[in-house]
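Peer 1: sequence unknown, structure follows:
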């Protein structure tokens, strides 16, 4: 699948094909060296050529160089429908548990952050928030994200409910982080992931190993989310992946504004002109009373 989609779209694509391979009694191996993704650099971290192996262990004991010497190779098709509903597929969950292991150092770093910064007492209630911004507001046919006023309203209610509250915030929009830090500084915790206010900045950023790091940051945030007591989210890959891999029961608070218009013109304005004003008025009314 070259160049593929987003990190978790690529992930669920791989899981589905591994599931198929097991069904057919094939031996699967993931090749993101000869079929690079958006997360490859010309030179990758750790000098890895197969970028899959930066994030996950290889799914068989064979080496790519040996595989390609074989006469019995079957390539998966590069088109295979993946949807958000795949995260609730029990067969795919079983495939993940049996075949895919996230690299230990990534898991260890995420656990360390959770235990050192968030769950510093067994009585702390850890609220995860996944607040999509940037392109999610305007992309045709995608789920419309909550507004910052939706999030503030839920945070203020949760502050009243929970005595020992900590919030783990996941957002790719820099303005959202700065705004919420300003109002709820003592509650907000986050990983030092790359953030921007324009989606184009994700493609033009010049930091070393930028694309490799985007994958590492998304995976790390999803791992910490999977440890939270409750997650506020709209339907998108990161929180659904977190539920998919989690070993604990998470309270799920879904903000569902439905799908954006499939028409690019209407999709550009719907969130700004319909969702945002109503959300602001709801928050304003709450503050007044």
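Peer 2: All right, it came through fine. Everything numeric here is computed off the predicted structure, so don't read it as measured data.

Peer 1: how about the residue sitting nearest the centre point of the chain, what does it touch?
Peer 2: In the chain, the residue lying closest to the centroid (C-alpha atoms, centre = their mean) is residue 238, at 2.3 Å. For residue 238, the contacting residues are 8, 130, 170, 218, 221, 222, 225, by C-beta atoms under 8 Å, 6 or more residues apart in numbering. From N, CA and C alone the C-beta is placed, and that goes for glycine too.

Peer 1: and whichever strand or helix holds it, average pLDDT?
Peer 2: According to DSSP states H and E, residue 238 maps onto helix 237-245. For helix 237-245, mean pLDDT rounds to 97.

Peer 1: got the contact list for residue 155?
Peer 2: 127, 129, 167, 180, 184, 187.

Peer 1: got any ranges where the stretch 1-150 of the chain has weak pLDDT?
Peer 2: For the stretch 1-150 of the chain, no stretch is flagged by pLDDT under 70.

Peer 1: so where do the strands sit in it?
Peer 2: Under the criterion DSSP state E, counting those that start in this stretch, the stretch 1-150 of the chain contains strands at 125-130.

Peer 1: just to revisit the earlier point, following the helix holding residue 238, which helix or strand shows up next?
Peer 2: Criterion used, DSSP H and E; the element after helix 237-245 is strand 251-254.

Peer 1: show me the contact partners of that following strand.
Peer 2: Here strand 251-254 makes contact (C-beta under 8 Å, 6+ apart) with 154, 229, 230, 231, 232, 233, 234, 235, 243.

Peer 1: list the contacts for residue 275?
Peer 2: Taking C-beta under 8 Å, 6+ apart, we find residue 275 in contact with 144, 147, 257.

Peer 1: wait, a strand at it?
Peer 2: No: counting by DSSP: H, G, I helix; E, B strand; the rest coil, one finds residue 275 to be helix, located in no strand.

Peer 1: quick one on the thing from earlier: got the angle for the helix holding residue 238 vs strand 125-130?
Peer 2: Helix 237-245 runs at 130 degrees relative to strand 125-130, counting by axes from the mean of the first three to the mean of the last three C-alpha atoms, to 10 degrees.

Peer 1: and helix 237-245, how far out from the chain middle?
Peer 2: Relative to its chain's centre, helix 237-245 lies at 7 Å (C-alpha atoms, centre = their mean, to the nearest Å).

Peer 1: ditto for stretch 49-56
Peer 2: On C-alpha atoms, centre = their mean, the centre of stretch 49-56 falls 17 Å from the chain's centre.

Peer 1: please enumerate residues in contact with that stretch?
Peer 2: Stretch 49-56 has contacts (C-beta under 8 Å, 6+ apart) with 14, 30-33, 36-37, 39-40, 44-46, 48, 58, 64, 100-103, 106, 212, 215-216, 219.

Peer 1: in that stretch, which residues are buried?
Peer 2: 50, 51, 52, 53, 54, 55, 56 (16 or more other C-beta atoms under 10 Å).

Peer 1: got those as JSON lines, with distance to residue 95 columns?
Peer 2: JSON lines is the format used below for the buried residues of stretch 49-56 (distance: C-beta to C-beta, whole Å):
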{"residue": "50", "distance to residue 95": "20"}
{"residue": "51", "distance to residue 95": "21"}
{"residue": "52", "distance to residue 95": "15"}
{"residue": "53", "distance to residue 95": "18"}
{"residue": "54", "distance to residue 95": "21"}
{"residue": "55", "distance to residue 95": "17"}
{"residue": "56", "distance to residue 95": "13"}
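
Peer 1: closest one of the residues you listed to residue 78?
Peer 2: Of all the buried residues of stretch 49-56, residue 78 sits closest to residue 52, with 15.4 Å by C-beta to C-beta.

Peer 1: what's the distance between the closest one and residue 59?
Peer 2: 9 Å (C-beta to C-beta, to the nearest Å).

Peer 1: list the contacts for residue 10?
Peer 2: Counting by C-beta under 8 Å, 6+ apart, residue 10 touches 1, 4, 37, 39.

Peer 1: nearest to residue 77, of these?
Peer 2: For the contacts of residue 10, the nearest to residue 77 is residue 1 (9.0 Å; C-beta to C-beta).

Peer 1: let's see the pLDDT reported for the residue nearest to residue 149 when sequence neighbours are not counted.
Peer 2: Leaving aside its chain neighbours, residue 149 sits nearest to residue 283 (3.8 Å; criterion: C-beta to C-beta, 6 or more residues apart in numbering). Per-residue pLDDT puts residue 283 at 96.
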